[in-house]
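**Q** fold the following, please.
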Amino acid sequence: MKSTDKSKIFLNTLLMTASVIVEKIIFFAVNIIIARYLDINHYGEYTTALAFASFFSLFTDMGINETLIREINYEEEKWHTLFNVVLLKVILSVVIFFVFIGFTFTANYSYDILKLILIFGFVRFGDEYLRLYYTYYEGGEGYKLSALFRIFFALFFLGAVILVVIINGGNREIALFRLGVVLFFLFIMTYAISRGKLLRIDIQYIKSYCRKVLPFATTFIYSNIINQGNLIALPLLHGAVYAGIFQNAYIFITTLMFIPGSFGRVFIPYLYKHKNDEKIFRFQFAFDILSKSFVFISFYITVILFLYSDFLIIWIFGEKYRASVPLLKVLALSLPFLFNAGAVMLTALDKQRLYSVILRYMAMLNVALNIGLGYFYLDKGIAAAMVITFFLIFILSHILIIFNSQLSVCSAAVYYLKGSAIFLLCWLVYHHIPFEYKIVSMAVISLIYFVLSLLLLLTKDDIRIGKEILGRKNTQDSMTS
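**A** Residues are numbered from 1 along each chain as shown. Below you'll find the model as predicted:
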């Protein structure tokens, strides 16, 4: 991989990650404001309604977004591609919205929750069109425009929530104000993208696109069941209050899911362009870099969330959500497996069909675990089901890499063993050295983590690659040495 390629990937990843971090921080702040503003019952209703609407709205993607990235890198007429994809999504949205309405009125929810679900249905279905536009920009390497729209949308929603608090509104006002923000940005982005473009319906292309979507669609459906099914199962089993308690722990996980996604949105388009390159080292290099990066980031977050769950929950959301503390401890253990470089590489290698088979069985297992563990162990059982599911997906996706590609997983395995050792050492220090203040303790543990990571994870190759990314080229390509 050339130095210019490394620099481009690094800068694009940095831009994407930084912009999404800002977006996620804003949305996290929004959630904190809502959780503190509403009482625990109304917050549970808000969480239940949003989760129910989100679960169905996500099916309007069906892998369309990921396929769009693939198509944009192959098709010269990007607008032609997007316009026909939007038509496909409109047809799909209408069908799924009627299914959503049917399930809404057959679910055993209260009248207030049903009203919220319907409003959030329009909100989340609109959100999915915004996500399609973001993907259109990112697939064509328009990362700056995508970042700007994402951040401004989050800021507008934050302003809307603050306004609701000022006027002493409730759940319904929060939902309606968010709907207004979604409709405004849909209008702005549609105008910005379509202005001056020729609209041409291509039925044959839509049919062809549907065939290409299929492997991504199955993967997306199963992922949606795994990631969103917990917040559907829990309130149905034990009521809306438990959904709010679980959400305040699970939000740390869902907020951080963007990190592997950001890496994937940069690496996958690059690797698609080099899929016919006989030099497998491009893929091996990407796999090793992703694995090491994911270990460094995910284990650090796990250390902080696991050791300081009580401090984080109570400080951020308040004493009334103390029941979320043990849930965060359990869910934190899933993060090293959620940061799954194997899944990214299977997509880049066009092994999506194989990966979807794994997710199919894991989705069925996850539903069974949610019902079984959730019934007997309440929200703690739902959290344990998530950890088990992500662990098995991680293991099986790397097994697929071994048997269906020329890539080696040895380096990745070593990285994860080292990450586990660093986690254990930090845990021992935390429990054997008393700290009077949590902030001081967190700073010390963080320092220890970074020092151990430098000693166990950083190599001379990493230093050399870092220099090349920053523009200090060596005389020979880094991959040949």
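**Q** what is the subsequent helix or strand relative to the lengthiest helix in the chain?
**A** Longest helix in the chain, counting residues (DSSP state H): helix 352-404. Once helix 352-404 ends, the next helix or strand along the chain (criterion: DSSP states H and E) is helix 410-432.
**Q** quick one: mean pLDDT over the very next helix or strand once past that next one.
**A** Sequence order places helix 438-456 as the next helix or strand after helix 410-432, per DSSP H and E. The average pLDDT within helix 438-456 is 91.
**Q** okay, buried residues for helix 438-456 please.
**A** Using 16 or more other C-beta atoms under 10 Å as the test for burial, helix 438-456 gives 441-442, 445, 448-449, 452-453, 456. All C-beta spots, glycine's among them, are computed from the backbone N, C-alpha and C.
**Q** residue 31 against residue 249, yeah?
**A** No. With contacts counted by C-beta atoms under 8 Å, residue 31 stays clear of residue 249, the gap being 11.9 Å.
**Q** looking at those two, which has the bigger crowd around it?
**A** residue 249 (26 against 21; other C-beta atoms under 10 Å).
**Q** name the helix or strand for that one, please.
**A** In this assignment (DSSP H and E), residue 249 forms part of helix 240-256.
**Q** now do that helix and helix 352-404, the angle between them.
**A** For helix 240-256 against helix 352-404, the angle by axes from the mean of the first three to the mean of the last three C-alpha atoms, to 10 degrees is 60 degrees.
**Q** give the other helices and strands that helix 240-256 contacts.
**A** Here helix 240-256 touches helix 3-37, helix 40-57, helix 203-238, helix 309-317, helix 325-332, helix 335-338, helix 352-404, going by 3 or more C-beta pairs under 8 Å, 6 or more residues apart in numbering; DSSP states H and E.
**Q** show me how far that helix is from its chain's centre.
**A** When distances are taken as C-alpha atoms, centre = their mean, to the nearest Å, helix 240-256 is centred 14 Å away from the chain's centroid.
**Q** tell me the angle of that helix relative to helix 309-317?
**A** Going by the same axes, to 10 degrees, helix 240-256 is angled at 100 degrees with respect to helix 309-317.
**Q** hang on, the earlier thing: can you lay out the buried residues of helix 438-456 as CSV showing distance to residue 193?
**A** Formatted as CSV, the buried residues of helix 438-456 follow (distance: C-beta to C-beta, whole Å):
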residue, distance to residue 193
441, 49
442, 43
445, 46
448, 48
449, 43
452, 47
453, 42
456, 46
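**Q** widest-spaced pair of the residues you listed?
**A** 441 and 456 (22.0 Å; C-beta to C-beta).
**Q** averaged pLDDT, the helix or strand encompassing residue 67. What do you get?
**A** Using DSSP H and E, the element containing residue 67 is helix 64-72. In this model, helix 64-72 has an average pLDDT of 68.
**Q** what mean pLDDT does the next helix or strand along the chain from that helix get?
**A** Next along the chain after helix 64-72, taking DSSP H and E as the criterion, comes helix 78-106. For helix 78-106, mean pLDDT is 79.
**Q** what's the first helix or strand after helix 78-106?
**A** helix 111-139.
**Q** angle of the longest helix of the chain against helix 203-238?
**A** 80 degrees.
**Q** how far off helix 410-432 does helix 352-404 point, in degrees?
**A** Using the same axes, to 10 degrees, helix 352-404 lies at 90 degrees relative to helix 410-432.
**Q** which other helices and strands does helix 352-404 contact?
**A** Other helices and strands packing on helix 352-404, by 3+ C-beta pairs under 8 Å, 6+ apart, are helix 203-238, helix 240-256, helix 325-332, helix 335-338, helix 341-348.
**Q** which residues of the stretch 251-400 of the chain score low on pLDDT?
**A** 262-281 (pLDDT under 70).
**Q** the same query, at a cut-off of 50, please.
**A** Scanning the stretch 251-400 of the chain for pLDDT under 50 picks out 278.
**Q** before we move on, back to that, winner for burial among the helices and strands packed on helix 352-404?
**A** Compared across the helices and strands packed on helix 352-404, helix 341-348 shows the largest average neighbour count, a mean of 25 (mean count of other C-beta atoms under 10 Å).
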